[in-house]
Each structure stands twice: as C-alpha cells, then as structure tokens.
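K.L.:
below: sequence and its predicted model.
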Amino acid sequence: MPVKTELKEDEDFYLEKGLVVFTEKYHLKRGYCCQNGCRNCPYKKGNPDAKQGTGHIKNG
C-alpha cells in the first residue's frame, strides 16, 4: 500500500487561478511522469523522447 504524505504548500504545490500546480520538487519526490503534461515536470526536460501528456487527468 502506498504511503500517504501531507503536501506542503509552496514546497510541493502552489495555487494559480484556483488550480493546484505541482512543483518540480514534488514531481521528483513522486518519482515518475504521469503523462499529463504538467507545467513543472522534470522528466520531460532534456529528454526529447519523453511523451507530453494532454494536460488533463483522465477519469475512468
């Protein structure tokens, strides 16, 4: 079972126009790319083969 940790504002995320934006530090702690085209994704930087996501989380 995954370990749940509390997110810290300004360290793991910030709010922009009412939306949660995850930081690069958070993505690195998570350890993988979710393929959702996150603004601060460190996994697509310098990797031309990294797939860009749609920018939307798919439900179901």
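P.N.:
On my side now, so go ahead.
K.L.:
ok, and what's touching the helix or strand bottoming out on mean pLDDT in the chain?
P.N.:
Averaged element by element with mean pLDDT, DSSP states H and E, the chain has its least confident helix or strand at helix 24-30 (a mean of 92). Applying CB atoms under 8 Å, 6 or more residues apart in numbering, the external contacts of helix 24-30 come out as 7, 11, 12, 13, 33, 38, 40, 41, 42, 43. C-beta here means a position set from N, CA and C on the backbone, and glycine is covered the same way.
K.L.:
for stretch 26-36, buried residues please.
P.N.:
Using 16 or more other CB atoms under 10 Å as the test for burial, stretch 26-36 gives 26, 27, 33.
K.L.:
dump those residues into CSV; add distance to residue 19 as well.
P.N.:
As requested, the buried residues of stretch 26-36 are arranged in CSV below (distance: CB to CB, whole Å):
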residue, distance to residue 19
26, 14
27, 16
33, 19
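K.L.:
closest one of those to residue 18?
P.N.:
Among the buried residues of stretch 26-36, residue 26 lies closest to residue 18 (CB to CB), at 18.5 Å.
K.L.:
and the gap between the closest one and residue 20?
P.N.:
10 Å (CB to CB, to the nearest Å).
K.L.:
quickly list what's touching both of those two.
P.N.:
residue 13.
K.L.:
hmm, back to that, the least confident helix or strand of the chain: how far from the chain's middle?
P.N.:
7 Å (CA atoms, centre = their mean, to the nearest Å).
K.L.:
repeat that for stretch 22-33.
P.N.:
Computed by CA atoms, centre = their mean, the chain-centroid distance of stretch 22-33 equals 6 Å.
K.L.:
now the end-to-end length of it.
P.N.:
In terms of CA to CA, to the nearest Å, the two terminal residues of stretch 22-33 are separated by 12 Å.
K.L.:
number the chain from 323, please
P.N.:
Got it, the first residue is 323 from now on, which makes the last one we talked about stretch 344-355.
K.L.:
lovely, talk soon.
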